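Asker: need the 3D shape of this:
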Amino acid sequence: MDLEKALRQAMETGKVELGMDSTMKAAMTGRARLVIVSSKFPAGARSDLRHYAGLSKVPVFEFPGNSTDLGRVCRKPFQVASLAVIDPGASNILSAVKGA
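Answerer: Numbering: from 1, shown residues only. The predicted structure follows:
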């Protein structure tokens, strides 16, 4: 999948923050260029995150897999419920998400 490749490249060459607290803070402050949440992200936190991201005009993308799948794509040995792309680096993650 092109999205997975772009996300891996962003993890390697750019700046990505993992976790709900870091993602929420990046969305609130507008530092994030993109927010990605897993399909099993908690509903209450999802609405808060969408609200803050909307205020900062940060797009929110729902990853088609669960937290375990998102962690695997990020090559992490743990679940990743959400992440914020601060700097995409050499990846095309921003355009890959728009095309998905």
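Asker: now stretch 37-45: buried residues?
Answerer: Across stretch 37-45, burial judged by 16 or more other Cβ atoms under 10 Å covers Val37, Ser38, Phe41. Where C-beta positions appear, they are placed from N, C-alpha and C, glycine not excepted.
Asker: oops, could you answer that again for stretch 57-66 instead?
Answerer: Going by neighbour count (16+ other Cβ under 10 Å), the buried part of stretch 57-66 is Val58, Val60, Phe61, Phe63, Gly65, Asn66.
Asker: what's the closest of the residues you listed to Ala6?
Answerer: Phe61 (11.2 Å; Cβ to Cβ).
Asker: against Gly30, how distant is Gly71?
Answerer: From Gly71 across to Gly30, the span is 26 Å (Cβ to Cβ, to the nearest Å).
Asker: more neighbours: the two, which one.
Answerer: Gly71 (19 against 13; other Cβ atoms under 10 Å).
Asker: which residues are in contact with the more buried one?
Answerer: Pro77, Phe78, Gln79, Val80 (Cβ atoms under 8 Å, 6 or more residues apart in numbering).
Asker: please state the offset of the lengthiest strand in the chain from the chain centre?
Answerer: Ranked by residue count, the top strand of the chain under DSSP state E comes out as strand 82-87. Relative to the chain's own centre, strand 82-87 is displaced by 5 Å; criterion: Cα atoms, centre = their mean, to the nearest Å.
Asker: then that strand to PDB, C-alphas only?
Answerer: What follows is strand 82-87, C-alpha atoms only, in PDB (Å, rounded to 0.1, in the frame of the first residue of the first chain):
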ATOM      1  CA  SER A  82      -2.500   8.000  16.900                       C
ATOM      2  CA  LEU A  83       0.400   9.900  15.400                       C
ATOM      3  CA  ALA A  84       1.200  13.400  14.300                       C
ATOM      4  CA  VAL A  85       3.300  14.100  11.300                       C
ATOM      5  CA  ILE A  86       5.300  17.300  12.200                       C
ATOM      6  CA  ASP A  87       7.700  17.100   9.200                       C
END
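Asker: re the thing from before, could I get the buried residues of stretch 37-45 as a markdown table with pLDDT?
Answerer: Shown next, in a markdown table, are the buried residues of stretch 37-45 (pLDDT from 0 to 100):
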| residue | pLDDT |
| --- | --- |
| Val37 | 96 |
| Ser38 | 95 |
| Phe41 | 91 |
